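A.B. asks: no sequence on this one, just coordinates:
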C-alpha cells in the first residue's frame, strides 16, 4: 500500500512503542502539557488526582493520569526545536498511525498541546513573574524549511520579513501562530505577545562569555520588530501542529527582562505559580 511506512521511517522499540518517547497509544491523553525540564514533569503530576502511566527514555519523561475527572498527560521535551521535531512527530504517530501495521489511519485525531515554560522578555514594559501567551511566533532555527508543505504568512510575519535587517539569518526564518480557539483557556493572562524562538542560549540570545555575539543590539532590534519575548521551542510546536492538524498554545512565565537586566527574585515560586495557573484553567 502507498501509505505503508518502512521500518527505517517509523522506528519502534521492541514493545511496539515509538522510538524516542517510549510510548504506546494508550499512554497519552488528548490534552498534553509540554514542559522542557524533565524534573518539572513530577512537579506537575503531583497535582493529579491519580497517575496511571510513568514512562521515560532519555530526556523524554511522561506522566498520564486524571485531574478533576479528566485524563491529562504531562511530558518533557528537553531543550530546543530539534527535540520538538521528535516529540511532535512521535505524538502524532501515536494517534494517527496504526503502529502495528505501519499505516496511516483513515480518521484524523487532533491533540490539544499546552506548552508551559519560562522565558525572557525583550520588551522593557513587560514585568517579570507574569504570564505571557504567544499569539505569533518567529522561528530563527530553520527547522520548517526541511518540511515540503509548510507555508505561513500573516501581518506579523510580513512586517517582520520586510524590516528584518540580518541578511545571513533571514533565509532561516519561518512563522506560525496559536490555535486561536485555545486562547479562551488563557484569556486572563496579563500579556499576549509575539515570541522569537532561538536555536541557542548564548549568542542567539545575545549572551557573551568568551565568544562575541554578532550584534549587541539584536534583542533591541527584535523588540522594534514587534517581538515581546523569546525562548527555544514554540515556533516548532506551533508550525508542526499546523502541518499535522493539532492545536497548540504556549504560556510562559516571564522570569527575566533582558532589557532592564531583571531576573525573578524567586523563580521556584514563579514555577509553582505557573503550574497552578495552567492547571486551574485547562482542567475545570
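C.D. replies: The structure has been received and is ready for your questions. Keep in mind that this is a model prediction, so the values were computed, not measured.
A.B. asks: could you pull out the helices for the chain?
C.D. replies: Ranges of helices in the chain, per DSSP state H, are 38-45, 81-96, 155-163, 218-224, 234-244, 267-282.
A.B. asks: Next, the buried residues of the shortest one.
C.D. replies: Applying a neighbour-count criterion of 16 or more other Cβ atoms under 10 Å, one finds 218, 219, 222, 223 buried in helix 218-224. For the C-beta atoms, the positions are set from N, CA and C on the backbone; glycine is no exception.
A.B. asks: Quick check: of those, which lies closest to residue 104?
C.D. replies: Nearest to residue 104 among the buried residues of helix 218-224 is residue 222, at 39.1 Å by Cβ to Cβ.
A.B. asks: where does the protein dip in pLDDT?
C.D. replies: When residues are selected by pLDDT under 70, those of the chain lie in 1-3.
A.B. asks: Now do the strands in it.
C.D. replies: 31-35, 50-57, 60-67, 70-76, 97-98, 103-104, 112-121, 131-139, 174-177, 191-197, 229-231, 247-257, 262-263 (DSSP state E).
A.B. asks: Residues in a beta bridge with residue 247, which ones?
C.D. replies: residue 112 (DSSP bridges).
A.B. asks: try residue 34
C.D. replies: residue 75, residue 115.
A.B. asks: thinking it is in contact with residue 75, fair?
C.D. replies: Yes - in terms of Cβ atoms under 8 Å, residue 34 counts as a neighbour of residue 75; the distance is 5.9 Å.
A.B. asks: Overlap in contacts, those two.
C.D. replies: Counting by Cβ atoms under 8 Å, 6 or more residues apart in numbering, the common neighbours of residue 34 and residue 75 are residue 87.
A.B. asks: tell me the centre residue of the protein?
C.D. replies: The centre of the chain sits closest to residue 234, judged by Cα atoms, centre = their mean, with a distance of 3.8 Å.
A.B. asks: which ones are touching the closest residue to it other than its chain neighbours?
C.D. replies: Sequence neighbours aside, residue 250 is the residue nearest to residue 234 in space, at 4.5 Å (criterion: Cβ to Cβ, 6 or more residues apart in numbering). By Cβ under 8 Å, 6+ apart, the residues touching residue 250 are 114-117, 133-134, 137, 178, 195, 231, 233-234, 237-238.
A.B. asks: ok, so of these, who is nearest residue 87?
C.D. replies: Nearest to residue 87 among the contacts of residue 250, with distances taken as Cβ to Cβ, is residue 237, at 8.4 Å.
A.B. asks: Could you report the neighbour count for the nearest residue to the closest one once chain neighbours are set aside?
C.D. replies: Nearest non-adjacent residue to residue 237, counting by Cβ to Cβ, 6+ apart: residue 248, 5.0 Å away. The local packing of residue 248 (other Cβ atoms under 10 Å) involves 27 other residues.
A.B. asks: what about residue 202, distance to residue 212?
C.D. replies: Going from residue 202 to residue 212 by Cβ to Cβ, to the nearest Å gives 10 Å.
A.B. asks: now residue 34
C.D. replies: 33 Å.
A.B. asks: neighbour count winner among those two?
C.D. replies: Shown here are residue 34 and residue 212; by other Cβ under 10 Å, residue 34 has more neighbours (23 against 9).
A.B. asks: which residues sit in contact with that one?
C.D. replies: 75, 76, 77, 87, 113, 114, 115, 116, 233, 237.
A.B. asks: contacting residues for the fourth one?
C.D. replies: When contacts are counted by Cβ under 8 Å, 6+ apart, residue 87 touches 20, 21, 34, 60, 75, 77.
A.B. asks: same thing but 10 Å
C.D. replies: Residues near residue 87 by Cβ atoms under 10 Å, 6 or more residues apart in numbering: 20-21, 32, 34, 60, 75-78, 113, 233, 236-237, 240.
A.B. asks: do the fifth one as well
C.D. replies: When contacts are counted by Cβ under 10 Å, 6+ apart, residue 113 touches 31-34, 73, 75, 87-88, 91, 179, 182, 237-238, 240-241, 246-250.
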